[in-house]
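>>> I would like to see how this sequence folds:
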Amino acid sequence: MRRLTSAFVNLLVLVVSLAISVIGGEAATRWIYRDLTTTSDFHGFFTQRWLRSAVQHNHYGFRGPEFDEIKPAGVYRVAVLGDSFTYGNGVAEQDRFSDRLGAALEPRHIQVLNFGFPGNNWPDNVMTLERRVLRLKPDFVLLQWGTNDIEVETAAAPRPEITPLAVNRNLHEWLYARSALYSMLNSEWIQYRLRQHMGDSYEDYMRRLYGDPNSMGSRKADEWIQRLFDDCRRAHVPLAIVMFPHFTETLADYPLEFLHVRMRQQCEQAGVPYIDLLDRYRQVQDTKTLWASPLDQHPNALANRIAADEILAALAPIWGFDGTAK
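Got it, this is the predicted structure:
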C-alpha cells in the first residue's frame, strides 16, 4: 500500500510539474512574441489574436471603412480585388497599398475601395466582381494577383502537406488556434521537416501542376481569367492587373517566374495593363525586410508602399494625371 501511495504521489508531482511547465512556457511565449502580428495562414494563434485586436470589417464583409453604395457625384471609383495581400495580412489598414492609393488620390476625387479577402483565387475574385463590385458602378477595377491564385481546387491536386506536430488533426487545429507555444513549436517542426526534405516543397508542387500551360489546372485558370476580362469588357469598366511575387527568402533565383511571364502574355493579348512587382522587389537586398513578420511572408508596410508607388506611376495617366500627389 505504501508503494502504491508513493507511486501515485510521484505521478501526481510529475503531472503537476508538466502542467506548470506548459503553462509557464505558454505565458513566456506570449510575452516574448507579444509584438508578433501574424503567421502565413489565418488559423494560428498569432493571426487570430491580430484579427481580434486590429481588424474591422464593413457591412459588405470586407476589411475597411463603410462607404456609400451609391457612388457620390463627381467621384471616380476604383475597386481593388485580391487575396490576403490586398486584405493586408499582418499590416495596419492604412498601410495597405489600396489605402495608400486612396490617400494619394482622394484630393483628386478618386475613391479606392478594397474587396480583398484571404484565400481568394480566380473563382472567388470573379464571383466578387460579378456579385458585389459591378453593381457599385466602379469606373476602374484593379486586380491584385499572386502566384497561388492560380490554384483552383476542382482542377488541381491538394497542396503538399507535412504532418503537424500533433498528428491528430482535430487536436492540432485546436492547439494551433489557442496556443502560442504550440504554434511556435509546430512552425519549427515544419521547417525542420522541409530542411530534411521530408515533404514536397510548394514550389515543386506549383511547377508540377502549373508549369505546363496546357495542364488541366492551367487551362481551368485560363477560363476564369477570360471570364474576368469578359465581365469587365461587357460592363465597359477598364481593368488592370498588379502581380505580386511569392515572397520566398530570396527573389534572385525565383522559381515561379513562369507564372509572371504567362500573366504578362495574357494581359498583352487582352490589352489589359499589367504591373509586375517582381523586378522592383528584387532591388531590395534582404527580401525578409518585406515580410509582415518573421513567420509571415505577406507584404509588410514597406512592401505595400513600394506597390502603391508602382501602381500609381503605371495607372496615373489612365486616371488622368501625372502620378504626383496633389
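>>> Poorly predicted segments of the protein, please.
The chain contains residues with pLDDT under 70 at 1-19, 21-22, 153-161, 194-200, 322-326.
>>> now the end-to-end length of stretch 148-162.
18 Å (Cα to Cα, to the nearest Å).
>>> Could the C-alpha coordinates of stretch 277-294 be exported in CSV?
Below are the C-alpha coordinates for stretch 277-294, written out as CSV (Å, rounded to 0.1, in the frame of the first residue of the first chain):
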residue,chain,number,x,y,z
LEU,A,277,6.3,44.0,-58.9
LEU,A,278,8.9,41.2,-59.1
ASP,A,279,11.8,43.3,-60.6
ARG,A,280,11.1,46.1,-58.2
TYR,A,281,11.1,43.9,-55.1
ARG,A,282,14.3,42.2,-56.4
GLN,A,283,16.0,45.6,-55.8
VAL,A,284,15.5,45.1,-52.1
GLN,A,285,18.7,43.3,-50.8
ASP,A,286,17.1,41.4,-48.0
THR,A,287,13.6,40.0,-49.0
LYS,A,288,12.8,39.3,-45.4
THR,A,289,12.6,43.1,-44.8
LEU,A,290,9.4,42.9,-46.9
TRP,A,291,7.7,40.3,-44.7
ALA,A,292,4.8,41.2,-42.4
SER,A,293,6.6,39.2,-39.6
PRO,A,294,9.3,36.7,-39.2
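>>> in it, what's buried?
For stretch 277-294, the neighbour count (16 or more other Cβ atoms under 10 Å) marks Leu277, Tyr281, Thr287, Leu290, Trp291, Ala292, Ser293 as buried. For every residue, glycine as well, the C-beta is placed using N, CA and C.
>>> wait, is the second one part of a helix?
Going back to what we said before, that points to Tyr281. Yes: with DSSP: H, G, I helix; E, B strand; the rest coil as the criterion, Tyr281 is part of a helix.
>>> ok, it touching Thr248?
No: here Tyr281 does not reach Thr248: they are 10.9 Å apart, not a contact under Cβ atoms under 8 Å.
>>> shared neighbours, the two?
Common contacts of Tyr281 and Thr248 (Cβ atoms under 8 Å, 6 or more residues apart in numbering): Thr287.
>>> Help me confirm that Val242 is found in a strand?
Yes: counting by three-state DSSP, Val242 falls inside a strand.
>>> Could you check how many residues crowd around it?
For Val242, the count of nearby residues is 25 (other Cβ atoms under 10 Å).
>>> if I look at Ala292, how far off is Pro123?
25 Å (Cβ to Cβ, to the nearest Å).
>>> now swap in Met206 and tell me
Between Met206 and Pro123 the computed distance is 18 Å (Cβ to Cβ).
>>> need the contact list for the spatially most central residue of the chain.
The chain has Ser84 as the residue nearest its centroid, 2.8 Å off, counting by Cα atoms, centre = their mean. Residues in contact with Ser84, defined by Cβ under 8 Å, 6+ apart, are Phe42, Gly116, Phe117, Pro118, Gly119, Asn120, His298.
>>> quick one: the strands in the chain?
76-82, 110-116, 140-146, 239-244, 274-276, 291-293, 296-299 (DSSP state E).
>>> Check which helices and strands the first one sits against.
So that's strand 76-82. Contact partners of strand 76-82 among helices and strands, from 3 or more Cβ pairs under 8 Å, 6 or more residues apart in numbering; DSSP states H and E: helix 97-105, strand 110-116, helix 122-128, strand 140-146.
>>> can I see the domain layout of the chain?
Here the domain assignment for the chain is 1-32, 45-160+200-319, based on automatic domain parsing.
>>> Not counting its neighbours along the chain, what's nearest Leu134?
Distances taken as Cβ to Cβ, 6 or more residues apart in numbering put Ala235 closest to Leu134, at 5.3 Å, once the chain neighbours are dropped.
>>> Just to check, that neighbour is in contact with Leu136?
No: using Cβ under 8 Å, Ala235 makes no contact with Leu136, being 11.1 Å away.
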